[in-house]
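Trainee: test case, fold it:
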Amino acid sequence: MKKMMIRISKLFIPAVVSLFFFSSLASAHVTVMPKTSTTGAWETYTLKVPVEKEVATTKVTIKAPQGVEIMSYQPVPGWTYSSEKDASGKVKTFTFEATGEGIQAGQFQQFVFVGKNPEKAAKAAWDAFQYYKDGSVVEWTGDEGSDAPHSITDIVTSTTTDHHATQNTQDSDKTQKPEPKKAKTEVTKKTTETANSLSLILSGIAALLSLASIFIAIRKK
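Mentor: Below is the predicted model of the structure:
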């Protein structure tokens, strides 16, 4: 039994460590959220800038994706905002620069801004340039799967289905009168949820008892 546990730990522990390591690397990229938005929307975007080196990040510059208009930004204490515009007055690039020490090693900073999405569906690629205190620059401009990929927001076609559905629901609510029926429905719903929760708890207990039995049987052998 002891030898078996040793073998399992030799396989399991390295796998967990590797998974944690690669997950940390993947999450360390400069990203823009959300990953999905709708056409024509005034979206609130969040830029996340982590530090991958042992020196601080002092500046980050973002290139506005084609069709996305940068409208405004949220001020961040200790950081200044500047932008470069084209001939029509639209923002081509915008920059957040630290007035103090910047983002230290092991830290990250978030910057929030509002952008107006294009009217047609598209994939908005956020090319980012991360400047470190030692003068080095990491260009997050590669395709997905590269060492330094840019973040992408999938802008999909918006529909008015949800709006109509909400309106129809409100109209139908006006014509329905019986409150007691609504209360009865809520009681039934709560009863069902309680029964489902009880079933899950009993299933969990049964599973634990089964595992305990197997463990005891193995130890006896």
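Trainee: identify the residues contacting Thr36.
Mentor: 153-156 (CB atoms under 8 Å, 6 or more residues apart in numbering). (Each C-beta comes from the backbone N, C-alpha and C, glycine too.)
Trainee: try 10 Å this time
Mentor: Taking CB atoms under 10 Å, 6 or more residues apart in numbering, we find Thr36 in contact with 43, 152-156.
Trainee: for Ala105, same thing?
Mentor: 50-57.
Trainee: who wins on neighbours among these?
Mentor: Thr57 (25 neighbours; other CB atoms under 10 Å).
Trainee: avg pLDDT for stretch 102-116?
Mentor: Averaging pLDDT along stretch 102-116 gives 97.
Trainee: buried residues in that stretch?
Mentor: 102-103, 109, 111, 113, 115 (16 or more other CB atoms under 10 Å).
Trainee: repeat that for stretch 68-87.
Mentor: The neighbour-count criterion (16+ other CB under 10 Å) identifies 68, 70, 73, 79 as the buried residues of stretch 68-87.
Trainee: could you export the residues you listed as JSON lines, including distance to Glu119 and secondary structure?
Mentor: Converted to JSON lines, those look like this (distance: CB to CB, whole Å; DSSP: H, G, I helix; E, B strand; the rest coil):
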{"residue": "Val68", "distance to Glu119": "11", "secondary structure": "coil"}
{"residue": "Ile70", "distance to Glu119": "16", "secondary structure": "strand"}
{"residue": "Tyr73", "distance to Glu119": "23", "secondary structure": "strand"}
{"residue": "Trp79", "distance to Glu119": "32", "secondary structure": "strand"}
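Trainee: now do the strand ranked longest in the chain: which elements does it pack against?
Mentor: What stands out as the longest strand in the chain, according to DSSP state E, is strand 122-132. With contacts taken as 3 or more CB pairs under 10 Å, 6 or more residues apart in numbering; DSSP states H and E, strand 122-132 sits against strand 31-33, strand 42-50, strand 57-63, strand 91-98, strand 137-140, strand 151-156.
Trainee: so in that sheet, which strands flank it, and in what orientation?
Mentor: strand 57-63 (antiparallel), strand 137-140 (antiparallel), strand 151-156 (antiparallel) (DSSP bridges).
Trainee: can you say which of those is nearest to Ser37?
Mentor: strand 151-156 (5.3 Å; CB to CB).
Trainee: list the contacts of the closest one.
Mentor: Taking CB under 10 Å, 6+ apart as the rule, strand 151-156 contacts 29-41, 43, 45, 47-48, 62, 65, 67-68, 115, 117-128, 140, 143-144.
Trainee: what's the average pLDDT for it?
Mentor: Averaged over strand 151-156, pLDDT sits at 98.
Trainee: and for stretch 119-127?
Mentor: Stretch 119-127 comes out at a mean pLDDT of 97.
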